[in-house]
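**Student:** Just the structure for this:
(one chain, ligands or ions: 1)
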Amino acid sequence: MSAEKSYILEDSGVLRFPEGFIWGAATAAYQIEGAARDGGRGPSIWDTFSRTPGKVHAGHTGDVACDHYHRYPDDVRLMGDLGLHAYRFSISWPRVQPDGSGPVNPRGLDFYDRLVDELHGTGITPIATLYHWDLPQTLEDRGGWTSRETAERFAEYAAIVHSRLGDRVETWTTLNEPWCSAFLGYASGIHAPGRAEPGLGFAATHHLLLGHGLAVGALRAAGAGRIGITLNLAPVLGDDAEAVSIVDGLQNRIFLDPVLRGEYPADVVERAKRFTDWSFVEGGDLETIGRPIDLLGVNYYHPQTVAARTGAPANPTYPGSEGIDFPRPDVPRTAMGWPVQPFGLTDLLVRLSRDYPGTPLIITENGAAFDDVVEDGQIHDTGRLSYLDGHLRAAHAAIEAGADLRGYLVWSLLDNFEWAEGYAKRFGVVHVDYTTQRRTPKDSALWYRDVVRRNGL
Ligand code: FCB
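**Tutor:** A predicted model of the protein is given here:
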């Protein structure tokens with residue numbers, strides 16, 4: 001790709017992206033759809049978790065969210081107004097298969113069918129994510145991702161969705177951020193299903209990855225166009241090489257190595273032996289997990305800084321991280337408390353191209369929450385705008401350094417249900433008034449529209 005790249009730093013100071021660069025936005029089903037009991041949808045682990053006292057900010061749930069299930073035509077029109085090329089959305093497994101296996105709910109598939117047609121009618125390319133955390137509760141009751149059965153059911157579900165949408169959806173993402181599903185969901189319990197045992201984090205990791213590999217096989221057999229997975233990756237910063245390597249292993253390599261090299265990193269396996277005997281890894285699993293993919297989705301928000309400190313307790317989200325601190329670097333932060341360090345995106349993309357060459361990259365999420373203020377019907381979200389500007393510059397620098405980056409999808413199109421933070425954190429470039437469901441493009445959306453139009457900054 002680098003030979004034909006066409007971006008140039010023009011005299012005008014405009015930074016151009018390669019021709020054909022994909023610009024879009026991302027969302028996820030549970031975060032925006034609402035209609036939690038409509039159209040035959042079954043319960044997911046997030047319905048259960050959000051109803052468990054103390055788990056989600058102020059007891060918020062995704063019952064109504066942005067009511068996108070009913071308002072999708074307006075939302076697609078909005079994307080059209082912003083000139084987006086692509087829209088990454090996720091499909092709710094319990095809407096399609098209320099129990100996660102067995103009978104298909106045709107009304108669930110009908111919804112995505114209409115959405116995809118609406119997108120095509122507006123000239124927007126759909127990018128479908130098959131799993132963005134809303135596991136059918138029935139499967140969780142049988143062990144969820146700690147059970148091998150869930151991986152098998154996931155591949156069946158992938159084939160069902162493809163058989164309905166595959167004629168109009170070319171690009172498929174199996175999983176969104178399996179790190180969060182495994183380590184927030186099963187090791188620290190900060191996310192659904194809220195189980196908290198270090199060993200379960202590793203079992204969930206393996207079955208998520210196996211589910212990915214089995215789904216790649218099912219989608220490939222069905223003739224899917226392009227298949228990928230989305231990982232949340234973070235450069236790990238710090239002076240202590242061992243601490244950096246331990247956290248890098250748990251955050252990045254435990255997913256990258258099996259998917260792109262067909263093997264688990266030996267150091268991670270060794271260190272995790274005090275939590276698990278890895279007996280859930282069966283012969284042939286790694287070949288399945290390592291099946292070739294066409295695209296790696298990268299979600300980037302911020303780097304992870306670590307420091308060695310004797311006696312530091314383990315961070316439950318990183319099993320085995322005793323003696324490691326996660327200090328907050330002294331830099332500006334978003335409303336999530338996340339450090340704003342755009343250079344991390346350049347480093348990450350360059351590293352991926354160097355260490356895992358041959359797989360094209362797409363940024364499937366990047367964005368920031370800020371405490372927006374509505375003034376006379378306008379939202380001057382300068383913090384978000386400058387976050388996005390800085391990260392696009394960082395992405396551009398990575399392309400210049402040779403990274404094979406094909407596109408950028410901002411998180412998120414709309415303010416939405418931010419998991420354990422409920423509606424308290426706003427990531428949208430479009431503001432949502434949750435009382436009226438009114439959508440208002442923020443300044444960042446209008447700026448992004450110009451970026452898309454110019455294919456640059
Ligand atoms: C990612 C999730 C996405 C959203 C952003 C802020 O981890 O994939 O759903 O919550 O963070």
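
**Student:** Show me which residues of the stretch 51-200 of the chain sit near the ligand.
**Tutor:** By Cβ under 6 Å from any ligand atom, the residues of the stretch 51-200 of the chain that approach the ligand are N176, E177, C180. Heads up, the C-betas are built off the backbone N, CA and C, glycines and all.

**Student:** Next step: the residues you listed restricted to strands.
**Tutor:** Using DSSP state E, N176 are the members of these that sit in strands.

**Student:** could the residues of the stretch 51-200 of the chain next to the ligand be laid out in a markdown table, adding pLDDT and distance to Y264?
**Tutor:** Shown next, in a markdown table, are those (pLDDT from 0 to 100; distance: Cβ to Cβ, whole Å):
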| residue | pLDDT | distance to Y264 |
| --- | --- | --- |
| N176 | 99 | 21 |
| E177 | 99 | 18 |
| C180 | 98 | 19 |
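
**Student:** what's near enough to touch the closest residue to E418 other than its chain neighbours?
**Tutor:** Leaving aside its sequence neighbours, E418 sits nearest to K425 (Cβ to Cβ, 6 or more residues apart in numbering; 4.2 Å). Going by Cβ atoms under 8 Å, 6 or more residues apart in numbering, K425 touches A335, M336, A369, E418.

**Student:** Then A224?
**Tutor:** Contacts of A224 (Cβ under 8 Å, 6+ apart): H162, G166, E170, W172.

**Student:** got it, and P265?
**Tutor:** G249, R253, I254, D257.

**Student:** what would the residues you listed look like in CSV with neighbour count, secondary structure and pLDDT?
**Tutor:** What follows is the contacts of P265, written out as CSV (neighbours: other Cβ atoms under 10 Å; DSSP: H, G, I helix; E, B strand; the rest coil; pLDDT from 0 to 100):
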residue, neighbour count, secondary structure, pLDDT
G249, 23, helix, 99
R253, 18, helix, 99
I254, 24, helix, 99
D257, 21, helix, 99
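
**Student:** between those, which is closest to D347?
**Tutor:** R253 (15.2 Å; Cβ to Cβ).

**Student:** where's the closest one relative to L115, distance?
**Tutor:** Distance, R253 to L115, by Cβ to Cβ, to the nearest Å: 35 Å.

**Student:** number of nearby residues for H120?
**Tutor:** Number of residues near H120 (other Cβ atoms under 10 Å) recorded here: 14.

**Student:** and if you look at R271?
**Tutor:** R271 has 17 nearby residues by other Cβ under 10 Å.

**Student:** so which of the contacts of K425 is the most crowded?
**Tutor:** A369 (24 neighbours).

**Student:** Could you report the distance from that residue to the ligand?
**Tutor:** Separation of A369 from the ligand (Cβ to the nearest ligand atom, to the nearest Å): 7 Å.

**Student:** is it fair to say that residue lies in a strand?
**Tutor:** No. Under DSSP: H, G, I helix; E, B strand; the rest coil, A369 sits outside any strand and is assigned coil.

**Student:** For A395, see how far away W23 is.
**Tutor:** To A395, W23 is 11 Å away according to Cβ to Cβ.

**Student:** neighbour count winner among these two?
**Tutor:** Ranked by neighbour count (other Cβ under 10 Å), W23 and A395 place A395 first, with 26 against 21.

**Student:** which parts of the stretch 251-400 of the chain sit against the ligand?
**Tutor:** Going by Cβ under 6 Å from any ligand atom, the residues of the stretch 251-400 of the chain near the ligand are N299, E365.

**Student:** Quick one: the strands in the stretch 251-400 of the chain, in order.
**Tutor:** 295-299, 304-305, 307-308, 324-325, 361-365, 374-375, 378-379 (DSSP state E, counting those that start in this stretch).

**Student:** other SSEs contacting the fourth one?
**Tutor:** Using 3 or more Cβ pairs under 8 Å, 6 or more residues apart in numbering; DSSP states H and E as the contact criterion, the secondary-structure elements in contact with strand 324-325 are helix 241-248, strand 307-308.

**Student:** go on, the fifth one?
**Tutor:** Applying 3+ Cβ pairs under 8 Å, 6+ apart, one finds that strand 361-365 makes contact with strand 22-26, strand 226-232, strand 295-299, helix 343-355, strand 405-411.

**Student:** highest average neighbour count across the helices and strands packed on strand 324-325?
**Tutor:** When those are scored by mean count of other Cβ atoms under 10 Å, the highest mean neighbour count falls to helix 241-248 (a mean of 19).

**Student:** Can you tell me what sits against that one?
**Tutor:** 236-238, 267, 271, 304, 306-308, 318, 320-321, 323-324.
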